[in-house]
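Participant: Based on what follows, work out the 3D shape:
(2 chains)
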Amino acid sequence: GQQLNQSPQSMFIQEGEDVSMNCTSSSIFNTWLWYKQDPGEGPVLLIALYKAGELTSNGRLTAQFGITRKDSFLNISASIPSDVGIYFCAGGSGNTGKLIFGQGTTLQVKP
Amino acid sequence: ETGVTQSPTHLIKTRGQQVTLRCSSQSGHNTVSWYQQALGQGPQFIFQYYREEENGRGNFPPRFSGLQFPNYSSELNVNALELDDSALYLCASSFRVEQFFGPGTRLTVL
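Facilitator: Modelled structure (predicted):
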């Protein structure tokens, strides 16, 4: 079945540093979505990507839809303590609306 | 605009029992998807409902069933609960591609 490999699994960085995480798949996706989840809460949508090669920003966040349609990355610039959480990539394809999620990247930011 | 809501917040059941979880979709959304999230894992797709019909199902047994109502709210029913069913159950509503999640229901099976 379809699987997403998300890396790194965890990151511990200093406040102000930039962060980069990525997601790869053996399958092609038509959409890529990035979510952030805080403990005890549901995932919150950060960025949605719809076309291969698309580069989209949302404040300090930038994400790209890979040319091969099998990968995506998320960058966070100038990290702040509230960026702490688990970041998930999700790929979508077909008409069912089913999203396949990665295993998540846990981000910790040291003030 | 009201976001996605789920009830109850927490639930404790014993093995073999049945459970019903509820979800109210965000205003303007006609599609509801359900996911199971085990501790330390990403959400796993259970199924999706569009206009009261099942529109895709993940790799979950038939004892996981659902309903969608005319107001687009939805229920997830799980029969014959097993210990491995302990997880956070997430509901997501959508109108197009983007899915917006509720806070989840934490189910513990003893």
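
Participant: Return the residues of chain A in contact with chain B.
Facilitator: With the criterion set to CB under 8 Å from any CB of the partner chain, chain A comes near chain B through A:1, A:4, A:6, A:31, A:33, A:35, A:40-45, A:48, A:50, A:88, A:90, A:92, A:94-104. Glycine gets a C-beta too; all of them are placed from N, C-alpha and C.

Participant: Quick check: A:Ile67 touching A:Gly53?
Facilitator: Yes: contact criterion CB atoms under 8 Å: A:Ile67 and A:Gly53 qualify, at 5.3 Å.

Participant: about what we covered before: just the buried ones out of the residues of chain A next to chain B, please.
Facilitator: Buried by 16 or more other CB atoms under 10 Å in any protein chain shown: A:4, A:6, A:31, A:33, A:35, A:42-43, A:45, A:48, A:88, A:90, A:92, A:96-104, out of these.

Participant: Give me the subset of those lying in strands.
Facilitator: Among those, DSSP state E puts A:4, A:6, A:31, A:33, A:35, A:45, A:48, A:88, A:90, A:92, A:99-101 in strands.

Participant: From these, pick the one nearest chain B.
Facilitator: A:Phe101 (3.3 Å; CB to the nearest CB).

Participant: Strands of chain B, start to end?
Facilitator: B:5-7, B:10-13, B:19-24, B:31-37, B:44-50, B:53-57, B:64-68, B:74-78, B:87-94, B:100-101, B:105-109.

Participant: Now B:Ser33: closest residue in space, sequence neighbours ignored.
Facilitator: Distance criterion CB to CB, 6 or more residues apart in numbering or on different chains; nearest residue to B:Ser33, sequence neighbours excluded, is B:Gln48 at 4.3 Å.
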